[in-house]
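**Q** pasting the structure only:
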DNA sequence: CCTCAAAGTGAAAATCATTTCACCTGTTCT
DNA sequence: AGAACAGGTGAAATGATTTTCACTTTGAGG
């Protein structure tokens, strides 16, 4: 386990991360200082040394912009059992991290390597930091082209923010299913696109169901 | 249209591109020189000025590693008309460039931004440099979960290298379709997974058909 | 033959970036 | 109270990088 960062150190780390995402290259020490209000390059320098010691970045001595983010795991722990979770991030090298528990034997992204998703697959206004990937647990949306085992990119949000008719990812007992969402008569309706699967109409407070968020995109390796 | 590059200039450009892919940041002038056997930093410098003038890169004066590839086109020109082509690449921020002609109005990756695909979606032994993306032109593989408009990642190869039963991307007149491939009796069979679409059996030298390669993965934005 | 453009060489100037040195200010912990 | 640590300030030293200057080489064309 990596050493914990202090508040300030985390600010620095986040700046580095964001800068790299935006600019496609690491910042100089001065740039870091300017953004975080540290007037002395040395102040930043020492901060970087600490980040390196704690394992968050690696540095190349005497090199301009000579730092690199350590490809990390540990973006925020896990929740639903048996669910493959991915944490998506954005940037030049827009990447997403798999935080997973169960790797299962999905032919999907193996290893702990970051998972990439093209931002173009997702609407502009979506913050990829709010997104995660799930694996569809059944063929309920087969009729809409989403099959069991498909990797679905979900923007986490409250069910109130899912519009009627949109596709949602729902935690159904302990499986993640994809369904068409609708709010009617104070009930949440989850409609499958496949006759074989029953539609569900539940009360918002039903503990057996949990709307993870909007389904934005899907991907699948072809056999 | 962008100015054409000389042999040498192209070598420099390719080096820059490869370096950025691998290292996630642009090289210094000296690094470029070392790799291309140019002893004088000035030699490289002038080369970069030319690349900038011709529109292949942008530079920031007096900045270490202050250059950026112009998010480009020009990876190798285009072929099939009306086909959205993507060139996939790998690297730190594994990215892929869209080389396309027709942007069409696909809700797929917009803009000229690179397209990303997670390497985990594709077998290990595949060289992402040999891959490109195409948009399925019909619903012939609907039964197999690939629908019209889906972005399909294809590894370019000769039809001889597509194994029987594998999914292939085929240039059919001037549209790209996805089909199950089979070689039998000296003929190439393209089978749709949807009854509505007729199977095709052609001679290998049929000019109307062209096997682009193996289909490896697909992705789709969800409405 | 002369000229021009592409591609270099070498070295010196001018910046930019990282590192080091000396010291300061709170806070936390013993 | 005193030590230890996080987080800074400023300035100076040392490298790294980019730019500029003055010249050379080679090949294609007028």
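**A** That came in fine, so what should we check first? Since the structure is predicted, the reported quantities are computational estimates derived from the model, not experimental observations.
**Q** Specify the residue ranges that define each domain of chain A.
**A** A:7-69, A:86-219 (automatic domain parsing).
**Q** Which secondary structure state is assigned to residue A:48?
**A** helix (DSSP: H, G, I helix; E, B strand; the rest coil).
**Q** Point me to the residue sitting farthest from the middle of chain A.
**A** residue A:40 (35.1 Å; Cα atoms, centre = their mean).
**Q** Scan chain A for its longest strand.
**A** strand A:209-221 (DSSP state E).
**Q** Comparing the domains of chain A by mean pLDDT, which bottoms out?
**A** Confidence, taken as mean pLDDT, is least for domain A:86-219 of the domains of chain A (a mean of 73).
**Q** For residue A:9, give me its contacts.
**A** Counting by Cβ atoms under 8 Å, 6 or more residues apart in numbering or on different chains, residue A:9 makes contact with A:47, A:50, A:51, A:54. For every residue, glycine as well, the C-beta is placed using N, CA and C.
**Q** Are the lengthiest helix in chain A and DNA strand D in contact anywhere?
**A** Secondary structure of chain A read by DSSP state H shows that its longest helix is helix A:7-23. Yes - Helix A:7-23 lies within reach of DNA strand D by Cβ under 7 Å from any atom of the strand, at A:7, A:8, A:9.
**Q** Nearest spatial neighbour of the second one, chain-adjacent residues omitted?
**A** So that's residue A:8. Nearest in space to residue A:8, with sequence neighbours left out and distances taken as Cβ to Cβ, 6 or more residues apart in numbering or on different chains, is residue A:47 at 7.6 Å.
**Q** same check, this time on residue A:5
**A** Nearest to residue A:5 is residue A:13, by Cβ to Cβ, 6+ apart, at 6.2 Å.
**Q** Could I get the contacting residues of that neighbour?
**A** By Cβ under 8 Å, 6+ apart, residue A:13 lies in contact with A:5, A:51, A:56, A:57.
**Q** these two touch, right, the second one and residue A:12?
**A** By that I understand residue A:51. Yes - using Cβ atoms under 8 Å, residue A:51 is in contact with residue A:12, at 6.5 Å.
**Q** pretty sure residue A:138 contacts residue A:148?
**A** Yes - with contact defined as Cβ under 8 Å, residue A:138 reaches residue A:148; the gap is 5.4 Å.
**Q** Do a quick rundown of the helices in chain A.
**A** Going by DSSP H, chain A shows helices at A:7-23, A:29-36, A:41-53.
**Q** name the helices or strands packed onto the last one?
**A** Counting by 3 or more Cβ pairs under 8 Å, 6 or more residues apart in numbering or on different chains; DSSP states H and E, the packing neighbours recorded for helix A:41-53 are helix A:7-23, helix A:29-36, strand A:57-59.
**Q** residues making contact with it?
**A** With Cβ under 8 Å, 6+ apart as the test, helix A:41-53 has contacts from A:3, A:5, A:8-9, A:12-13, A:16, A:29-30, A:32-33, A:36, A:38, A:57-59, A:67.
**Q** and it, which residues are buried?
**A** By 16 or more other Cβ atoms under 10 Å in any protein chain shown, the buried positions in helix A:41-53 come out as A:44, A:47, A:48, A:50, A:51.
**Q** what's the closest of the residues you listed to residue B:214?
**A** In terms of Cβ to Cβ, no member of these lies closer to residue B:214 than residue A:51, at 43.0 Å.
**Q** Run a quick neighbour tally on residue A:139.
**A** Residue A:139: 20 surrounding residues under other Cβ atoms under 10 Å in any protein chain shown.
**Q** what's the residue nearest to it when sequence neighbours are not counted in contact with, if anything?
**A** Of all residues not flanking residue A:139 in the chain, residue A:148 sits nearest, at 4.8 Å (Cβ to Cβ, 6+ apart). By Cβ under 8 Å, 6+ apart, the contact set of residue A:148 is A:136, A:137, A:138, A:139, A:142.
**Q** now these as TSV including distance to DNA strand D?
**A** As requested, the contacts of residue A:148 are exported to TSV (distance: Cβ to the nearest atom of the strand, whole Å):
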residue	distance to DNA strand D
A:136	43
A:137	43
A:138	47
A:139	51
A:142	52
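**Q** Which of those residues fall within strands?
**A** Using DSSP E, no member of the contacts of residue A:148 falls within strands.
**Q** Most neighbours of all those residues, which one?
**A** In those, the most neighbours by other Cβ under 10 Å go to residue A:136, 23 neighbours.
**Q** quick one, what contacts it?
**A** Contacts of residue A:136 by Cβ under 8 Å, 6+ apart are A:146, A:147, A:148, A:149, A:150, A:152, A:176, A:177, A:178, A:218.
**Q** Now with 6 Å, please.
**A** A:146, A:148, A:150, A:152, A:178 (Cβ atoms under 6 Å, 6 or more residues apart in numbering or on different chains).
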